[in-house]
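# return a 3D structure for these sequence lines:
(2 chains)
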Amino acid sequence: DAGVTQSPTHLIKTRGQQVTLRCSPISGHKSVSWYQQVLGQGPQFIFQYYEKEERGRGNFPDRFSARQFPNYSSELNVNALLLGDSALYLCASSSASDPLYEQYFGPGTRLTVT
Amino acid sequence: GESVGLHLPTLSVQEGDNSIINCAYSNSASDYFIWYKQESGKGPQFIIDIRSNMDKRQGQRVTVLLNKTVKHLSLQIAATQPGDSAVYFCAENIGTSYDKVIFGPGTSLSVIP
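Next up, the predicted model:
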């Protein structure tokens, strides 16, 4: 079975632009969570979706939004990019709705904002 | 954000020795804890978890100890191998509170052959 997949692998954007990151969960998993990992720090929770509904939101501005599709894949959108948005964006999937429980992470999308 | 720390703590151990990685967690109300391993260029990988009604849990070559009195979590790796070299994160959560998921700053483990 394929693990969690994310696209693209790397992305370079300029300040003020918008970006969309994509995640495909493990087959059968209905929960997708998004995390931001700044270099040298632990991941920070952004969103969790379960059964296409937002279940949780971390301490991130409204420039960050996400959605989950009927096939449980998910997109993370970030508007009006700032230099500080440069980070590794991780997606994790789970069969459970509980946060953190049995989450499997993808390899991440490395976003660089210049 | 709640995950702090710009300087990643590092731990160097000789191959075959035991490693102990420590984590001071943030919230005394947290009731679920996980250790993750993150290799360069990869996402975090689950190692072992523990709930707050336990103080010790063992896996294959790994043991997690939880001390709720001092809000301390440790990961012990037995007979450390070169493949164990990675950054290790502890993470905590309170029940189903999605906005209480907190990752620690991480510890870089380097295994000397």
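
# quick check: residue A:20 touching residue A:79?
No: counting by C-beta atoms under 8 Å, residue A:20 does not reach residue A:79; the two are 10.1 Å apart. Where C-beta positions appear, they are placed from N, C-alpha and C, glycine not excepted.

# identify the contacts common to those two.
Common neighbours of residue A:20 and residue A:79 are not found (criterion: C-beta atoms under 8 Å, 6 or more residues apart in numbering or on different chains).

# right, is the helix or strand bottoming out on mean pLDDT in chain B up against chain A?
Counting by mean pLDDT, DSSP states H and E, chain B has its least confident helix or strand at strand B:102-103, which shows a mean of 87. Yes: using C-beta under 8 Å from any C-beta of the partner chain, strand B:102-103 reaches chain A at B:102, B:103.

# in its sheet, what does the helix or strand just after that strand sit against?
Sequence-wise, the next helix or strand downstream of strand B:102-103 (DSSP states H and E) is strand B:107-112. In the sheet, strand B:107-112 lines up against strand B:10-14 (parallel), strand B:86-93 (antiparallel) (DSSP bridges).

# what average pLDDT does strand B:107-112 get?
Mean pLDDT, strand B:107-112: 96.

# what comes up buried for that strand?
Using 16 or more other C-beta atoms under 10 Å in any protein chain shown as the test for burial, strand B:107-112 gives B:107, B:108, B:109, B:111.

# hmm, the first one is touching residue B:19, no?
What it means is residue B:107. No: judged on C-beta under 8 Å, residue B:107 makes no contact with residue B:19 at a distance of 9.6 Å.

# now do the shared contacts for these two.
Joint contacts of residue B:107 and residue B:19 (C-beta under 8 Å, 6+ apart) are residue B:11.

# by proximity to chain B, which residue of chain A wins?
Chain A approaches chain B most closely through residue A:56 (2.1 Å), counting by C-beta to the nearest C-beta.

# so that residue, which state does it fall into?
strand (DSSP: H, G, I helix; E, B strand; the rest coil).

# which residue packs closest to the spatially most central residue of chain A, ignoring adjacent ones?
Centroid-nearest residue in chain A: residue A:34, 3.1 Å away (criterion: C-alpha atoms, centre = their mean). In space, and not counting its chain neighbours, residue A:34 is closest to residue A:46: 4.3 Å by C-beta to C-beta, 6 or more residues apart in numbering or on different chains.
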